[in-house]
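Asker: Here's my sequence, what's the structure:
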Amino acid sequence: MTQTELTRDDQELIMNLTQAYEEARAAAVQEGVEQGVQLERRQVVENLLKFRFGEVDESLSRVIDSLLQLTPEEFTPLCLELSREDLLARFNSHQ
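Answerer: Numbering: from 1, shown residues only. The predicted model follows:
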C-alpha cells in the first residue's frame, strides 16, 4: 500500500503517532539533560568539598543533597568558607 492509498483515518493515525513519538522523544531528551545537569552539580559540590577538606567522608556526603537544593551561587561560598563543623551543623539539622 503506497502513501496515496492510505485512508484518511490511516493518515491521521500516522500523524498522531508521529507527534506522540516526537513529544515522547523530546521529553526523554529533556529528562536526560536534567539528569546530566544534576550529576554535574553533584560532582561540583563533591569537588569543592574534596578541595576544601581533602576527602568527602560519610558525614560530608550526607550534606551533599541539602547543598544541591541551593543555587551554585549559594552553595559555593558555603563549601569554601564554612568550617567542616559549621557545614555539618548547618545541614545535619535540616535532615
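Asker: which SS state does Val56 fall under?
Answerer: Three-state secondary structure (criterion: DSSP: H, G, I helix; E, B strand; the rest coil) places Val56 in coil.
Asker: same question, the one 3 residues further on
Answerer: Under three-state DSSP, Ser59 falls in the helix class.
Asker: Could you report the neighbour count for the nearest residue to it once chain neighbours are set aside?
Answerer: Nearest residue to Ser59, sequence neighbours excluded (Cβ to Cβ, 6 or more residues apart in numbering): Leu88, at 5.8 Å. Where C-beta positions appear, they are placed from N, C-alpha and C, glycine not excepted. Leu88: 15 surrounding residues under other Cβ atoms under 10 Å.
Asker: Quickly find the element holding Leu88.
Answerer: Applying DSSP states H and E as the criterion places Leu88 in helix 84-92.
Asker: hang on, the earlier thing: my guess is the residue nearest to Ser59 contacts Leu60, does it?
Answerer: Yes: if you go by Cβ atoms under 8 Å, Leu88 and Leu60 touch, sitting 7.4 Å apart.
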